[in-house]
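A.B. asks: Okay, sequence plus prediction incoming.
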Amino acid sequence: MEVTALLPGLLFIFYFVPVIFVIWFMVTIVGQLKAQTKLLKQIHEKIKIPE
């Protein structure tokens, strides 16, 4: 088997796998931030002082 036969597979690994990882990371971060925002809003409502 020649090395050139492996190039398409290596290109896939080096180009597409990092892109998929970055997208997964961004989706995870957005989910965590939504959960944190919800929690902070609940805390804010509980400590709100009526005027």
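C.D. replies: Yes, it's here.
A.B. asks: Give me the distance between the helix or strand hosting I20 and the centre of its chain.
C.D. replies: Per DSSP states H and E: I20 is located in helix 7-47. Its chain's C-alpha centre and that of helix 7-47 lie 1 Å apart, by Cα atoms, centre = their mean, to the nearest Å.
A.B. asks: per-residue confidence for V30?
C.D. replies: Per-residue confidence (pLDDT) for V30: 98.
A.B. asks: Can you give me the neighbour number for it?
C.D. replies: 10 (other Cβ atoms under 10 Å). The way it works is simple: take the backbone N, C-alpha and C, and place the C-beta from them, glycine included.
A.B. asks: Pull up the gap between it and P8, please.
C.D. replies: Going from V30 to P8 by Cβ to Cβ, to the nearest Å gives 33 Å.
A.B. asks: swap in W24?
C.D. replies: Between W24 and P8 the computed distance is 23 Å (Cβ to Cβ).
A.B. asks: likewise K46?
C.D. replies: Counting by Cβ to Cβ - K46 and P8 are separated by 57 Å.
A.B. asks: Listing request: residues of this structure with sub-threshold pLDDT.
C.D. replies: Within the chain, the stretches with pLDDT under 70 are 1, 3, 51.
A.B. asks: If we use 80, what do you get?
C.D. replies: Scanning the chain with the threshold set as pLDDT under 80 gives 1-5, 49-51.
A.B. asks: circling back: elements contacting the helix holding I20?
C.D. replies: The contact analysis (3 or more Cβ pairs under 8 Å, 6 or more residues apart in numbering; DSSP states H and E) places helix 7-47 against no helix or strand.
A.B. asks: Could you check how many residues crowd around F16?
C.D. replies: Neighbours of F16 (other Cβ under 10 Å): 10.
A.B. asks: and it, what does it touch?
C.D. replies: For F16, the contact set (Cβ atoms under 8 Å, 6 or more residues apart in numbering) is empty.
A.B. asks: And it, how far from M26?
C.D. replies: 16 Å.
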